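In: Dropping the sequence and predicted coords here.
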Amino acid sequence: MGRQRNRRNKNTEQGESGNKKGSYETIIKQNSMFESYYKQLNLMPESEFDQFIDTLKQPLPLTFRITSFKSYASETLRIIKEKHFKYLDEVTTENKEEVLEAAAKKGASLILNQLGQESQSQIYKCLEWYPNELAWQVNLSRQDVRKNKHFAEFKQFLINQTDNGNLSRQEAVSMIPPLLLDVKPDHKVLDMCAAPGSKTAQLIEFLHQDKTNSVPTGLVVANDLENSRCYLLMHQLKRLESPNFMIINHDSSSLPNFRIDLDENANKSVMYDRILADVPCSGDGTFRKNVDIWTKWNFAHACNLHGIQFRIAKRAVELLKPGGLMVYSTCSLNPVENESVVHNLLELFKGEIEIVDARDKLPALKTVNGLLKWNIMGKKGEIFENFKQIEEHKQYSHLLRPHMFPPEESVAKELHLDRCIRVLPHHQDTGGFFITLIRKLPIVKQVDLDKEFLSGGNDTRETNPPDADTSRTMKAPPAKKLKHVYEENPFQFMDSSSQFLQEDWPKVKEFFGIRDDFPLNQLLTRNKKGENIKNVYFVSKEIRQMTESNGDRIKFINMGVPIFSRAEIKGQNACELRVLQEGIDIVIDYFTKRLVRLKQRSDLVKILSESMPALAELSDDVQEQIKVQCNGLYGSFVLTTKPEKPSASLADELNISFIAWLGKATIRPLINVPTRNFFLTILSVDKAIIDEMTRKIKEEDRMNSEKSLKTNAQYQEKLRQLEANKNEDQDLVTNDQQEQKIDEPMNE
């Protein structure tokens, strides 16, 4: 969602009644200027306005979506319905009084309102406008989930599956823009203001809709201005384990061009099939989530952001391929940030772009049309219908500019501003949001972006909106000196001279029986010298091409899926590199060794439910496969239920694949406890068995940790003793030297 300029109060929504300044309860949810402006703006019938304000005062319900391209999507949905929703039904009926009592103590509760109604309905519902039952809303506030013990198990499930990449907790309205872009697996997609990354994750998911191809030809470029937010973005996206995205760090209003080198004498600028411009905004559609906006809302915030919003949208149009689609969106309801920006964009690119009517693309989503006319508010609440009225209020001449006002109504109709979409909170219990889907017409001549943009060429368009005051509001802000910028190691792709390919790869290839057609040139590392490589990453062919061609102009932050990591293994001609769980979907089809296919459910359950199951306790088939495939060599290997020849209908197959470690007489799955729990739940294993497995592994981890700390303490003590002995020896040598110097004159 569009990043807000107002920094959020750290104490907001703490859930402590009346004790913390800025908490959900202590903030008075009232702003007369806000109510006055939006009431006269006529966004909705007057009869709905009180409901609109009342809804803004309520906390947001919990919403989440299931990661669509994961092979466990249907099973995740089944578990949610059969286990967690069933539990929510039981606890809100059988333990209703206890739930209400707990909710009353925590504040900012939705369940309190839900269960307090006489005609009680289910507290969860499917978001009908999101395809395939993959998005859900639960009428629990953030505080209900965090603080109410009755929902602790549901909360932990959400946390675990979010970490595993099977779920994403995301506000409902934030899910809309990626859906409207209709991303295909071969598209080049740009997210201009990507952090924190929930919409970017959706875009990546749509690239991977073809489950027969783990590495599609399309890609997602995720950009953000703030270096620190790029790492927040990285944390969000790495859960998806995709080799088809990169994170870059630039000002999106002046985003550099990517070039793709075609041969020695020719190169080409990259233009994108789809672009998302979810721009920074005042955020007055997020009252329900950011309650401190009630005390901070000021119409001037929208005016101050109008310029940067326009420049980002302008750059998006420049980078959009003819025939391509872009979405301009904000989490604001203010027309100065919305219709006004779109109007200026349409005027600037007249005959080159058009607004697409997207209102019928999500038929179950309730929206209102874009405004054809609007007005602007002064700092004291004055309402201005046109710029001529500003002449009597000179103090506003630098804040309220002509291009912020609407065009003639006939012009607004001709430009189809009513095709813009606004989502109002009280219609479907959401936040407020604004979306415009824009198409670049196919007849537009494709220009050399480097000449036109970077070199200041023949493009005579203004960077700012028409009649903009470049002395103040519309002036691009100076570059800020960042307090802390992480220093990145360079991305080094493997070549024939690299130490990895010369020394490590032959061993890795032999150890795992990797086929000759494995794309070695798509491997990279984050190592300046390319020596003693610890981790090896994999990217798509297109990501490699864009990276190598633009290392001198683009600041790359992250890309690639880790597939190999160095491990300390001794003896038996062991391979020092182990395969990683994150890259299993990429490498599994290239392995001809150390790949064991599990055909019996009992073997899979045995391996997942024990910390280190003994080889002798597994079926004869698995023991024979391990003997043949691993040849008695310790180290990592792959266990999978994926058949050697997949059936025509992949949707009917449950493919569970994970990495394990082969020891002398045991194996150990190299996956975390929540992932084990999830797999066992899919297999309908009894909860008591799962809980016992969890307890044993956690106890074992605790003992290993204590043992490690003890060993480390002993090691540190030994180092101290060695250092003390060394100092004593040094003192003896020094004393001998001093005595020798004293004796030398006497000897002379």
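Out: Perfect, thanks for sending it.

In: what's the single longest strand in this protein?
Out: strand 320-330 (DSSP state E).

In: If you count neighbours, what's buried in that one?
Out: Going by neighbour count (16 or more other C-beta atoms under 10 Å), the buried part of strand 320-330 is 320-321, 324-330. C-beta: built from backbone N, CA, C; applies to glycine.

In: quick one: which of the residues you listed is nearest Q309?
Out: Of all the buried residues of strand 320-330, T330 has the smallest distance to Q309: 7.4 Å, by C-beta to C-beta.

In: mind listing what S253 touches?
Out: Going by C-beta atoms under 8 Å, 6 or more residues apart in numbering, S253 touches 308, 311-312, 314-315, 476.

In: rerun at 10 Å
Out: Neighbour list for S253: 192-193, 225, 279, 307-316, 463, 476-477 [criterion: C-beta atoms under 10 Å, 6 or more residues apart in numbering].

In: where's it relative to P280, distance?
Out: From S253 over to P280 the distance is 10 Å, taken as C-beta to C-beta, to the nearest Å.

In: quick one on the thing from earlier: just the ones of the contacts of S253 in helices?
Out: Counted as lying in helices by DSSP state H, out of the contacts of S253, are 307-316.

In: Quick check: K664 vs G635, distance?
Out: As for K664, its distance to G635 is 12 Å (criterion: C-beta to C-beta).

In: Which one's more surrounded, these two?
Out: Taking other C-beta atoms under 10 Å, K664 and G635 do not tie; G635 has more neighbours (20 against 7).

In: quick one: contacts for the more buried one?
Out: For G635, the contacting residues are 511-512, 567, 569, 572, 574-579, 594, 661-663, by C-beta under 10 Å, 6+ apart.

In: Among these, name the buried ones.
Out: Among the contacts of G635, those scoring as buried are 511-512, 569, 574-579, 594, 661-662 (criterion: 16+ other C-beta under 10 Å).

In: Name the nearest of those residues relative to S619.
Out: When the buried ones among the contacts of G635 are compared against S619 (criterion: C-beta to C-beta), the nearest one is L662, at 16.2 Å.

In: right, and that closest one touches P613 too?
Out: No - in this structure L662 lies outside contact range of P613 using C-beta atoms under 10 Å: 11.6 Å.

In: Find residues that contact each of those two.
Out: Residues within reach of L662 and of P613 at once, by C-beta under 10 Å, 6+ apart, are R668.

In: Most widely separated two among the buried residues of strand 320-330?
Out: For those, the farthest-apart pair by C-beta to C-beta is K321 and T330; their separation is 23.8 Å.

In: where in the stretch 401-550 of the chain is pLDDT low?
Out: Scanning the stretch 401-550 of the chain for pLDDT under 70 picks out the ranges 444-488, 529-530.

In: Dihedrals phi and psi, the residue nearest to G583 when sequence neighbours are not counted?
Out: Residue nearest to G583 in three dimensions, not counting chain neighbours: I563, with 3.1 Å by C-beta to C-beta, 6 or more residues apart in numbering. Backbone torsions of I563, given as degrees, to the nearest 10, read phi -120, psi -30.

In: try M546
Out: According to degrees, to the nearest 10, M546 has phi -70, psi -30.

In: cool, and I383?
Out: Main-chain torsions, I383, degrees, to the nearest 10: phi -110, psi 130.

In: And it, how close does it get to N304?
Out: Distance of I383 to N304, computed by C-beta to C-beta: 19 Å.

In: and what of G513?
Out: G513 sits 61 Å away from N304, going by C-beta to C-beta.

In: ok, now R274?
Out: To N304, R274 is 29 Å away according to C-beta to C-beta.

In: How about S410?
Out: 30 Å.

In: First residue to last residue on stretch 532-551, what's the distance there?
Out: 23 Å (C-alpha to C-alpha, to the nearest Å).

In: Mind listing what's buried along it?
Out: Buried residues in stretch 532-551, defined by neighbour count with 16+ other C-beta under 10 Å: 533, 535-540, 542-547, 549-550.

In: same check, this time on stretch 75-84
Out: Going by neighbour count (16+ other C-beta under 10 Å), the buried part of stretch 75-84 is 75-77, 79-80, 84.

In: Which one of these is nearest to L618?
Out: Within the buried residues of stretch 75-84, proximity to L618 (C-beta to C-beta) peaks at E75, which comes in at 24.0 Å.

In: Can you tell me the closest non-neighbouring residue to N139?
Out: Per C-beta to C-beta, 6+ apart, closest to N139 is I123, 4.4 Å.

In: who are the neighbours in contact with the residue lying closest to G513 once chain neighbours are set aside?
Out: Leaving aside its sequence neighbours, G513 sits nearest to K593 (C-beta to C-beta, 6+ apart; 3.1 Å). Counting by C-beta under 10 Å, 6+ apart, K593 makes contact with 509-514, 628-631, 633, 637-638.

In: Make a ChimeraX selection of the buried ones in those.
Out: Command for ChimeraX that selects the buried part of the contacts of K593, burial taken from 16+ other C-beta under 10 Å:
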select :509,511,512,514,629,630,633,637,638
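
In: one step back: the buried residues of stretch 532-551 in strands, which ones?
Out: In strands, judged by DSSP E, the following of the buried residues of stretch 532-551 are found: 535-538.
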